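**Q** here is my input; please provide its structure:
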Amino acid sequence: MKYKFPKDLYTEVRIEDIKNASFGMQDDDVLANSEVMVKGAMIRVFDGNLWYTAETNDTDTKSIQTKIDELAKIATPNNTILENPIVKNFSVNKAKILKFQDKDNLRNLTREDREGIVQYYRKKCIDKKIKEIKVTYANFFYNSKIKELYTSKGTEIIQDYQRCCFSMWFEITGREGVTYGGGKQLWGFAFKELKKKEAEVIEARDRAVDFAKNNVPVVPGEYVCVLAPTVTSVFTHESFGHKSEADFMLNDKTLQKEWTLGKQVANPKVSIVDEGDTMHHGYCPYDDEGNKKKEVYLIKDGILSGRLHDAKSAAALGEEPTGNARAQDYNCSPMVRMTNTYMKAGTDKPEDIIKGVKEGIYVYDWNYGTGQSTFTIQPQKCYKIKDGKLAEPVLVNVVTGSVFQTLFDIDAVGDDLEFFSGTCGKNGQRMPTATGGPTIRVKKLTIN
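**A** Numbers count the residues shown, from 1 in each chain. Sure, this is the predicted structure:
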């Protein structure tokens, strides 16, 4: 054991070694060219009543031991601390999982590498002949982190994480002089995953220009809607995933009753899962309390089957921890967060899902999504569906619906599951997550 942990208290040490870098341009101007490295630790002591915390950027053993001792002096010793329901939920694990310390380690990238990929895509994807494009943004960034966790129960975990992203965004003057936007994000765990994908960026650029020039305002009303995989994924994450984070319901008896496990909450075609073991960008083999991430069916065949927990919420609700306690970095305390959250694939072919619609709306992608009892999606691009075929682009300001009614109204689930990367915000903390979903059809949503 690296540290001398005080008797009759629960103690936890989280150490993080972080490196972030970016390079970005607006047209020919450099907007960002940064490289940041920081190492720090959070020390927490729990006496069964209160948490006592300290942070430090001095991560040598002696400095951290000093912080432990200082916190122990102000805590109240508790000789039954190991019987505390929260402490009992901290499992003991020893693991060293370093997946990114090889030739693909993003920390090996130079400033020339970062600038080079931006200039590569600018050269390949900027077409001066497209007069509708007024401003072009191109940006690359990466995040890299090595995390260590030591607890007084005996947990010792070292694990790493990294991801990188290139994005290109175009501001476009469309019909009647209105400004529209569109572009493409490319994500990867390794730098090589972002290379030579200019065809994807150009396709996104041209689709955005076409939409800006040719869209017509939608007639507001209720429509059969087909959601593309990326839109299904944001519906799953924002409208249902957050409702499955159990800390939301700790002091809300009404919500606990509404969310009774075992009740039917969706069409039997619908299953939603959260898991952190697979290599999507919510990858998290162990959470920041040291518990192994479990695969959790939030909905299975339409039945409410599980929810996401940290040690505290699991103790409060009499359920098992799921390994979903995550912290943005060493100076944040863990809270219940999603990892890779997705709606599982069905058996319907996407083309058949569209063929089954006489008149409706195809929601192609999105700018923004949120949801509690009612969800809201602000689409980026939509298309009319006429007689089972995609037709003209239509301008839709917002798509809304009741979360639970929509889950029941899903009558087709595609076999085309896709995953998407992003960053999720909650209580001031931002976490890397992945969302996923297939094409789905909803009997009725409100379009404005």
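**Q** and what about Gln405, helix, strand or coil?
**A** helix (DSSP: H, G, I helix; E, B strand; the rest coil).
**Q** need the strands for the stretch 201-350 of the chain, in chain order.
**A** 216-217, 221-227, 272-275, 296-300, 303-304, 325-326, 335-336, 340-343 (DSSP state E, counting those that start in this stretch).
**Q** mind putting these into a markdown table with distance to Phe191?
**A** No exception for glycine: its C-beta is placed from N, CA and C like everyone else's. A markdown table is the format used below for the strands of the stretch 201-350 of the chain (distance: least, Cβ to Cβ, whole Å):
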| stretch | distance to Phe191 |
| --- | --- |
| strand 216-217 | 42 |
| strand 221-227 | 32 |
| strand 272-275 | 26 |
| strand 296-300 | 32 |
| strand 303-304 | 41 |
| strand 325-326 | 25 |
| strand 335-336 | 31 |
| strand 340-343 | 22 |
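**Q** can I get these in CSV with mean neighbour count and mean pLDDT?
**A** Putting those into CSV (neighbours: other Cβ atoms under 10 Å; pLDDT from 0 to 100) gives the following:
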stretch, mean neighbour count, mean pLDDT
strand 216-217, 10, 98
strand 221-227, 21, 99
strand 272-275, 24, 98
strand 296-300, 21, 99
strand 303-304, 18, 98
strand 325-326, 28, 99
strand 335-336, 23, 98
strand 340-343, 28, 99
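**Q** out of those strands, which comes closest to Asp104?
**A** strand 340-343 (20.2 Å; Cβ to Cβ).
**Q** so what touches the closest one?
**A** Contacts of strand 340-343 with the rest of the structure, by Cβ atoms under 8 Å, 6 or more residues apart in numbering, involve 232-233, 236-237, 241, 270-276, 278, 280-283, 298, 413, 417, 419, 433-438, 440.
**Q** so which elements touch the helix or strand following it?
**A** Downstream of strand 340-343, the first helix or strand assigned by DSSP states H and E is helix 350-355. Secondary-structure packing of helix 350-355 (3 or more Cβ pairs under 8 Å, 6 or more residues apart in numbering; DSSP states H and E): strand 389-395.
**Q** mean confidence for the helix or strand following the strand it packs on?
**A** Going down the chain from strand 389-395, the next helix or strand is strand 399-402, by DSSP H and E. Averaged over strand 399-402, pLDDT sits at 96.
**Q** which among the contacts of strand 340-343 count as buried?
**A** Among the contacts of strand 340-343, those buried by neighbour count (16 or more other Cβ atoms under 10 Å) are 232-233, 236-237, 241, 270-276, 280-283, 298, 413, 417, 419, 433-438, 440.
**Q** report the buried residues of stretch 418-432.
**A** Buried residues in stretch 418-432 (16+ other Cβ under 10 Å): 418-422, 424, 426, 429, 431-432.
**Q** from these, which two are the most distant?
**A** Using Cβ to Cβ, those reach their maximum pairwise distance at Glu418 and Gln429, which is 26.3 Å.
**Q** return the distance of Phe100 relative to Leu194.
**A** According to Cβ to Cβ, to the nearest Å, Phe100 and Leu194 sit 15 Å apart.
**Q** all helices of this structure, in order?
**A** 61-74, 85-88, 111-125, 198-214, 229-234, 253-258, 311-317, 350-355, 403-409 (DSSP state H).
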